[in-house]
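Enquirer: here are the coordinates; sequence isn't available:
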């Protein structure tokens, strides 16, 4: 029986349209089949994760890319909800933020983030950061089924 790879489900929680485009563009050169769902604020992300409202038919994400500075509920609140929920806590969460504040990094790990990446400003560095995330999380790491 041949192994047929499934499409990797990625939830990107990001309110900045420019960052959404950059992240998708940086991932576009990948050979890995992936589908991005985008939540524009913390409440939208939680609605997606709990399959509420317009997300009732959503597919549970394999991995979450989560910004900190979000409207309605910030990334820390979303992360705390995820990691305190037995159904969601195994989903790897990568904090992807423009902040390099030691407080933000420590708080993310205190709330059980799996990784913290500071968004680079330069496009080439951004692409390299995304490629590194992809190489590790999408190819080397084993994600829960």
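Expert: All right, it came through fine. Computed from a predicted model, the values in this text were never measured in an experiment. Numbers count the residues shown, from 1 in each chain.
Enquirer: residue contacts, the closest residue in space to residue 49 that isn't next to it in sequence?
Expert: Residue nearest to residue 49 in three dimensions, not counting chain neighbours: residue 88, with 5.9 Å by CB to CB, 6 or more residues apart in numbering. For every residue, glycine as well, the C-beta is placed using N, CA and C. For residue 88, the contacting residues are 49, 81, 82, by CB atoms under 8 Å, 6 or more residues apart in numbering.
Enquirer: so residue 88 versus residue 73, what's the distance?
Expert: 15 Å (CB to CB, to the nearest Å).
Enquirer: again, but for residue 63
Expert: Where residue 73 is concerned, residue 63 sits at a distance of 20 Å (CB to CB).
Enquirer: those two: who's more crowded?
Expert: The residue with more neighbours, out of residue 63 and residue 73, is residue 63; 22 against 17, by other CB atoms under 10 Å.
Enquirer: just read off the phi/psi values of the more buried one.
Expert: Note on residue 63: backbone dihedrals following degrees, to the nearest 10 are phi -150, psi 150.
Enquirer: surely it touches residue 96?
Expert: No. Residue 63 lies out of contact with residue 96 (CB atoms under 8 Å); the separation is 11.1 Å.
Enquirer: list the contacts of the nearest residue to residue 26 once chain neighbours are set aside.
Expert: Excluding the flanking residues, the one nearest residue 26 by CB to CB, 6+ apart is residue 130, at 3.6 Å. For residue 130, the contact set (CB under 8 Å, 6+ apart) comprises 23, 26, 27.
Enquirer: pick out the residue closest to the middle of the protein.
Expert: residue 65 (1.3 Å; CA atoms, centre = their mean).
Enquirer: where does this structure dip in pLDDT?
Expert: Where the chain drops to pLDDT under 70, the residues are 1-5, 145.
Enquirer: helices along that one, start to end?
Expert: 17-27, 42-49, 75-83, 102-110, 123-133 (DSSP state H).
Enquirer: tabulate the ones you listed (TSV), appending distance to residue 6.
Expert: Below are those laid out as TSV (distance: least, CB to CB, whole Å):
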stretch	distance to residue 6
helix 17-27	17
helix 42-49	19
helix 75-83	21
helix 102-110	28
helix 123-133	19
